[in-house]
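Asks: this one's structure only:
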């Protein structure tokens, strides 16, 4: 075989190898190790790497202190005279939040949109962003302060209304208040204000911390033949970068910690998040984000926002304000969160990878098309048509190059026979042949290389877009999950093979024949666990390319070639 044919074959093999390596490296995470034993329902095991809860905290609600924090010396255990728990509910058109007077914390946040439902056993229930009934979200602690508020302290409901609730805790020389308020316009946001008043005669030092808890799902497994699992993890945005660690990484490699310009901290999975974004206050210094395992056997972990230490003189107050986002990761809603007019960069929590700019544009177009058409599946097909139109000139050029190369097939084979013992001379003669006929032997690879980033961007878009969450199309119940019957990936493989069959080949080499069979097989196996929306795109694109190739091979394509030569 000629030198240039060898190069073409090597390029195609390298391309397939790159696709396979990228898939295995980035989209096939190692399966999480199964815990040796599930913990008792109400008695989490003692965690040696995290400090224990202050004395008096319930066993099922152990609240760890952050690294370096001291255990509260004098927290009294609850007694029978403890006030009964009060629960307060705030509700908007899109969510319902429940707060407890024990800890003045969030205990439930249910999404009311019928699209956001999940299966708990045999029952379908609204998605609840608080995944740890025994561990509250948005709990406020004061470790390293000159005063302590027990994590399970009974706060007093100071006032309540249709759109706000305020809690108060009174200690020796200190009064602490927390107010949650519904944001207008039906957004998935609340505001939170924490105020500390020094009612004593000596200065007090405060170190406010907000904590949210979540749980690792050991039943979600990954590996060959399984889609990438959707797992909760702590995450934050510090100094222009999203920082996050999965449960196994936290457990095996240590806690997440970063200090600087912290825009948000929370817990998140692929489609939903619960996070706090502090109001900008440069005078108070940098804030710290942390994430750590609380109970490795139970899969319990926390994310915390630690504010700088403040000194409050007698008779004075110090307040801290936050915007709380709790809901689906819809980009325009995330980007709209601007505490104090400052960008929160919550949109960066959607993991599009290095192709984020392309993914964002594609999602914007997809959402716009869906508004007109009304179906996400049809919108994906329409997006495919649009991408095909945009890449049409390159694809046409590639097909023209392949057709011209096929026409040179007899001359190429004659050169190969004549110079079979002189590879250097063969390469020179073939390069001269290509140049005299105006053919670029690598021209057919360019469109494929250009389409690869589009495929990866679509993979990220369709795999992370909560807009497609549980969206049905034909027999597929969820376009963010794999086709349950593997119809689209198998059909894609068949049509990809047929496309290879009608694509002109410059030689009949065994290597080229192998690639003709290998490429559809590799793509079919890979796409068995792609999001169904992505396989709909690839299948549609393959069909369109096949039609274009067929037309190019017939009279219509010849006319195009003649016009191209004339120009």
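Replies: On my side now, so go ahead. Values in this document were obtained by computation on a predicted structure and should not be read as measured data.
Asks: switch to C-alpha atoms for all contacts and neighbour counts from now on
Replies: Will do.
Asks: residue ranges with poor pLDDT in the stretch 51-200 of the chain?
Replies: Applying pLDDT under 70 to the stretch 51-200 of the chain picks out residues 51-80, 185-186.
Asks: let's go with 90 and repeat that
Replies: Per-residue confidence of the stretch 51-200 of the chain (counting by pLDDT under 90) places the weak regions at 51-83, 92-93, 117-124, 131-138, 143-144, 148, 150-152, 162, 171-172, 183-187.
Asks: Determine the longest strand present in this structure.
Replies: The strand spanning the most residues in the chain, taking DSSP state E as the definition, is strand 317-328.
Asks: what sits up against that one?
Replies: Contacts of strand 317-328 from elsewhere in the structure, counted by CA atoms under 8 Å, 6 or more residues apart in numbering, are 109, 111, 129, 188-198, 271-279, 312, 337, 339, 466.
Asks: Go through that strand and flag the buried ones.
Replies: Buried positions in strand 317-328, judged by neighbour count with 16 or more other CA atoms under 10 Å: 317, 320, 321, 322, 323, 324, 325, 326, 327, 328.
Asks: any idea how far the third one lies from residue 461?
Replies: Applying CA to CA, to the nearest Å, one obtains 33 Å for the distance of residue 321 from residue 461.
Asks: What of the fifth one?
Replies: Between residue 323 and residue 461 the distance, using CA to CA, works out to 27 Å.
Asks: measure stretch 232-242 end to end?
Replies: Between the start and the finish of stretch 232-242 there is a gap of 15 Å, counting by CA to CA.
Asks: Need the mean per-residue confidence for stretch 449-460.
Replies: Per-residue pLDDT values over stretch 449-460 give a mean of 78.
Asks: One more: stretch 483-492?
Replies: For stretch 483-492, the mean per-residue pLDDT is 92.
Asks: now stretch 372-391
Replies: Computed over stretch 372-391, the mean pLDDT rounds to 89.
Asks: Identify each buried residue in that stretch, please.
Replies: Of the residues in stretch 372-391, those buried (16+ other CA under 10 Å) are 376, 377, 378, 379, 380, 381, 382, 383, 384, 385, 388.
Asks: How much space separates residue 435 from residue 343?
Replies: 55 Å.
Asks: cool, and residue 238?
Replies: Taken as CA to CA, the span from residue 238 to residue 343 is 13 Å.
Asks: Parallel or antiparallel, list what pairs with the longest strand of the chain.
Replies: Here strand 317-328 has these sheet partners by DSSP bridges: strand 189-198 (antiparallel), strand 272-278 (antiparallel).
Asks: That one: how far from the chain's middle?
Replies: A distance of 23 Å separates the C-alpha centroid of strand 317-328 from that of its chain, computed with CA atoms, centre = their mean, to the nearest Å.
Asks: Quick one: mean pLDDT for the helix or strand just after it?
Replies: Read in the C-terminal direction, the helix or strand following strand 317-328 is helix 331-336, with elements assigned using DSSP states H and E. Rounded to a whole number, the mean pLDDT of helix 331-336 is 92.
Asks: For helix 331-336, buried residues please.
Replies: Of the residues in helix 331-336, those buried by neighbour count under the rule 16+ other CA under 10 Å are 331, 333, 334.
Asks: Can you name the element that comes right after that helix?
Replies: Proceeding N to C from helix 331-336, the next assigned helix or strand is helix 356-373, under DSSP H and E.
Asks: gap between that next one and the chain center?
Replies: Centroid separation between helix 356-373 and its chain, computed with CA atoms, centre = their mean, is 17 Å.
Asks: Return the set of buried residues in it.
Replies: Residues 356, 358, 359, 360, 362, 363, 365, 366, 367, 369, 370 are the ones in helix 356-373 that count as buried (16+ other CA under 10 Å).
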